[in-house]
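# The sequence isn't on hand, but the structure is:
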């Protein structure tokens with residue numbers, strides 16, 4: 001068991017040496033100071049696990065010492081030493097941030113109490129320090145700096161996350177598979193006022209419908225066959241924190257109704273129970289599906305969509321993040337090298353050009369897996385063009401647009417002598433331009449909307465209105 005370092009601050013030699021003997025026998029390393037100034041200098045320059053400080057000292061008194069110590073080391077526990085019967089000063093010391101107090105004299109029958117108090121104070125300080133470290137680590141691990149890239153599309157998304165992270169607003173994250181929607185949810189939670197509480201994730205598409213209700217709301221013993229004991233649901237576990245409902249588009253209509261009630265009333269009943277439970281949870285949902293289309297097909301409730309879509313965040317696909325591929329490659333390589341204890345020199349220009357020119361249908365997840373594979377197979381040297389899979393190594397820079405239909409000149413309309421229907425002519429022009437944008441992007445609605453400078457939802461409405469359908 002490692003020794004703990006205790007600093008004893010007292011101007012009276014008799015009491016200081018008595019405490020030194022008691023705590024050395026307990027296995028602690030002891031240092032001492034005769035006044036507050038020396039104690040503060042020691043704490044500022046040495047590692048200390050506990051301070052025992054007399055209140056009544058010449059110059060700086062013990063209460064001021066405790067306050068100053070907590071300015072230097074917020075997690076360092078302090079026990080103040082008081083004269084017998086000075087209860088008012090003891091309470092004042094607790095108000096100043098002291099862990100507890102000891103009364104003089106240190107009588108033999110109270111030695112076990114002193115030892116226990118010292119151990120409890122040290123443990124309390126270590127827990128506070130560990131909690132602070134873990135919180136800092138979580139913020140670093142799930143902060144904005146973990147979302148790598150400098151493209152305009154990514155910058156706009158990060159700016160929106162920063163604005164809404166520390167609010168209570170419900171957020172709906174949309175985007176293709178592999179774009180990093182869960183990373184966005186983590187950034188929202190760990191940069192919010194709820195970061196000290198749990199972030200609980202539920203993949204609505206991975207859990208069978210008959211089990212998902214129990215997973216979300218819990219159940220009581222005997223609620224159904226196999227319910228041998230009461231079980232807490234994800235909503236209860238997320239109380240005070242954030243519940244991330246991933247793949248919300250896969251949730252059945254029956255459960256959508258129950259989820260809508262929780263969002264409206266902030267309460268629910270566990271399966272098999274009639275007792276209503278209140279819950280304080282922020283909801284963040286995500287899906288790769290087109291929810292407006294699911295609403296039209298009666299597969300997703302429109303009222304639930306509006307409840308979830310308070311703040312929409314669309315994660316851009318990797319192919320629209322110009323310049324981010326190279327940064328992500330270097331990021332994933334550095335992480336892989338750190339995990340495997342290797343050092344990689346470089347990625348050749350030819351190899352990087354091919355990686356950057358590939359459309360990455362699997363987005364960031366596909367790129368990450370590719371880089372991990374390249375890092376393992378290429379050994380200690382740099383990654384060359386020959387190390388890439390054949391599908392990438394043989395790909396020319398023009399392949400990415402091989403399936404795009406060349407842009408045609410805009411149709412020229414000349415007003416006929418007999419006149420025409422302006423409404424119909426504009427409709428035909430709009431249909432032609434939308435059709436060209438969809439063909440050029442392989443019916444990728446996000447990219448087509450960008451080409452036409454439209455919102456994605458507006459484009460979807462116009463596609464339906466003009467009755468455009470993708471080719472077989």
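Structure received. Just so we're clear, the structure is a prediction, and the values are computed from it rather than from any experiment.

# so what are the domain limits for this structure?
Domain assignment for the chain by automatic domain parsing gives 5-137, 143-316, 321-401, 404-472.

# For residue 282, grab phi and psi.
Here is the backbone geometry of residue 282 (degrees, to the nearest 10): phi -90, psi 130.

# just residue 284 next, same as before
Torsion angles, degrees, to the nearest 10, at residue 284: phi -120, psi 120.

# Bridge partners for it, pull those for me.
residue 171, residue 244 (DSSP bridges).

# tally of neighbours for it?
The local packing of residue 284 (other Cβ atoms under 10 Å) involves 30 other residues. Bear in mind the C-beta positions are built from the backbone N, C-alpha and C, glycine included.

# This protein: strands as residue ranges?
Ranges of strands within the chain are 5-9, 29-33, 50-54, 78-82, 100-103, 171-174, 199-203, 242-246, 267-268, 277-278, 282-287, 311-314, based on DSSP state E.

# mind checking which of those strands is nearest residue 154?
Judged by Cβ to Cβ, the one of those that comes nearest to residue 154 is strand 311-314, at 11.4 Å.

# Show me how far that closest one is from its chain's centre.
16 Å (Cα atoms, centre = their mean, to the nearest Å).

# Can you tell me what sits against that strand?
157, 160-161, 164, 169-175, 184, 446, 456 (Cβ atoms under 8 Å, 6 or more residues apart in numbering).

# Counting neighbours, what do you get for the residue nearest to residue 148 when sequence neighbours are not counted?
Among residues not flanking residue 148 along the chain, residue 331 sits closest, at 4.7 Å (Cβ to Cβ, 6 or more residues apart in numbering). Here the number of neighbours of residue 331 (other Cβ under 10 Å) works out to 16.

# mind checking pLDDT for residue 331?
pLDDT recorded at residue 331 is 87.

# Roughly how far does it sit from residue 376?
The spacing between residue 331 and residue 376, counted by Cβ to Cβ, to the nearest Å, is 17 Å.

# Could you check how far the residue nearest the centre of the chain is from residue 193?
Residue closest to the mean C-alpha point of the chain, counted by Cα atoms, centre = their mean, is residue 186 at 1.8 Å. To residue 193, residue 186 is 15 Å away according to Cβ to Cβ.

# ditto for residue 124
As judged by Cβ to Cβ, residue 124 and residue 193 stand 24 Å apart.

# Looking at those two, which is more packed in?
Per other Cβ under 10 Å, whichever of residue 124 and residue 193 has more neighbours is residue 124, with 15 against 11.

# OK, contacts around that one?
77, 99.

# Equivalent analysis for residue 214, please.
Applying Cβ under 8 Å, 6+ apart, the residues near residue 214 are 223-224, 227, 231, 233, 271.

# Just the buried ones from those residues?
Buried by 16 or more other Cβ atoms under 10 Å: 223, 231, 233, 271, out of the contacts of residue 214.

# Return the member of the residues you listed nearest to residue 147.
Once Cβ to Cβ is applied, the member of the buried ones among the contacts of residue 214 that ends up nearest residue 147 is residue 233, at 30.1 Å.
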